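Asker: sharing a sequence plus its predicted fold:
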Amino acid sequence: MTHVSRRGLLGAAAATAAASLLPGLPAMAAAPFRNELPPAWHRFRWGEFEATVISDGSLPLGKPQESFVGPGADRIPAMLTNEFLDPAAATLEQNVLVLNTGRQLILFDTGMGESMGADSKMFGPTTGRLLQNMRAAGIQPEQIDMVIATHAHCDHIWALVDANGQRVFPNAQVAINEADVKFWTDDGNKKGPAFMGPFIEGAKKNLAPYRDRMVMVRDGQEVVPGVTAVFTPGHTVGHTVYFITSQGRTFVNTGDLAHHQVLLLRQPMMEFSFDTDPKLSAQTRSRMLDRLATDKHQVLSYHFPWPGLGHVRREGEGYAWVPSPTNVTVL
């Protein structure tokens, strides 16, 4: 028997590989880069309900210190680096929920849409993908019975209408806190940060076509069976989270209670520059995070990493985000 050393085998393999790349020989496996992603949606059962999380695309904020300020902001680079995140750029997701209760099809928030022209891309070209991803998930806009808005900011209601001001969800009612409707349609509030003007114009354009089909949500009351509104003011005057319960199980759609899974959980009293009342928002966030950690409810967070499902756990002086597995529910 002829003995072949390991070094000899490796040398032969290298020679064979080199021969396959000799000049003039075509690379038969060559293929162009695709530069595209598959439709982003995730579906799971919750008691008698069927839930589908649909992406409106990522939302880049840029330098994190420009958006996250106040107590603990000096620790931002270290907090991000420790979690293997870019300390120079904060990117959020937009996780939109569609809930099928068996009686109604309910959309929670709408993403950025295209209603406001160039302003619809104020956060870059990666937003506004709800409708194409919704259709890929087998859901058509005309099937939506109700849109429930956590609040009236651009990335939550600007897809209620299209660029021509026509209703995108022609058969839907819109449920929202009345305080938010009044605040974000009042031209008298066009003051302070530069974003206030576009945000108000966008709210006026998107809410007006639904004026005759609005439902004003109330703190602690069901909007529809199984969906309870809980008032969480601060980010906006009428920001509301929703407790969704079926067969004794509850998960919480937290909207913009916290915008970042590290910064605003590790440091709940840190402030966010898009908050209407930053100090109230921090107090509300801290109180609700304590409740979520105590009750151990599953959470759907609008801006946390896709698909935004997980739990809040106490850790150190703040909280930690524990993502839920996305393959645990068999349909």
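Answerer: Alright, I've got the coordinates.
Asker: just list what the helix or strand V299 falls within packs against, helices and strands only.
Answerer: Assigned by DSSP states H and E, V299 belongs to strand 298-301. Packing partners of strand 298-301 (3 or more Cβ pairs under 8 Å, 6 or more residues apart in numbering; DSSP states H and E): strand 95-100, strand 249-255, strand 309-315. Every C-beta, even on glycine, is put in place using the N, C-alpha and C of the backbone.
Asker: what would those look like in TSV with mean neighbour count and mean pLDDT?
Answerer: Formatted as TSV, these follow (neighbours: other Cβ atoms under 10 Å; pLDDT from 0 to 100):
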stretch	mean neighbour count	mean pLDDT
strand 95-100	23	98
strand 249-255	22	98
strand 309-315	18	98
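Asker: and those as JSON lines, adding distance to F44?
Answerer: Shown next, in JSON lines, are the helices and strands packed on strand 298-301 (distance: least, Cβ to Cβ, whole Å):
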{"stretch": "strand 95-100", "distance to F44": "11"}
{"stretch": "strand 249-255", "distance to F44": "10"}
{"stretch": "strand 309-315", "distance to F44": "8"}
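Asker: out of the ones you listed, which comes closest to Q261?
Answerer: Set against Q261 and scored by Cβ to Cβ, the helices and strands packed on strand 298-301 come closest in strand 309-315, at 8.1 Å.
Asker: helices or strands up against that closest one?
Answerer: Helices and strands touching strand 309-315, by 3+ Cβ pairs under 8 Å, 6+ apart, are helix 278-295, strand 298-301, strand 318-323.
Asker: what's the most buried one of the ones you listed?
Answerer: Of all the helices and strands packed on strand 309-315, strand 298-301 has the most neighbours on average by mean count of other Cβ atoms under 10 Å, namely a mean of 22.
Asker: each with direction, which strands does it pair with?
Answerer: Using DSSP bridges, the strands paired with strand 298-301 in its sheet are strand 249-255 (parallel), strand 309-315 (antiparallel).
Asker: now for G117, how many residues are close by?
Answerer: 8 (other Cβ atoms under 10 Å).
Asker: sec struct for the residue nearest to it when sequence neighbours are not counted, please.
Answerer: In this structure, G117 finds its nearest non-sequential neighbour in A163, 6.7 Å apart by Cβ to Cβ, 6 or more residues apart in numbering. Counting by DSSP: H, G, I helix; E, B strand; the rest coil, the backbone at A163 sits in coil.
Asker: could you do E142 as well?
Answerer: Applying three-state DSSP: E142 is helix.
Asker: do I have it right that it meets R135?
Answerer: No: using Cβ atoms under 8 Å, E142 is not in contact with R135; the gap is 11.2 Å.
Asker: comparing the two, which residue is more hemmed in?
Answerer: Using other Cβ under 10 Å, the more surrounded residue of E142 and R135 is R135, with 14 against 11.
Asker: pretty sure the more buried one sits in a helix.
Answerer: Yes: secondary structure of R135 (three-state DSSP): part of a helix.
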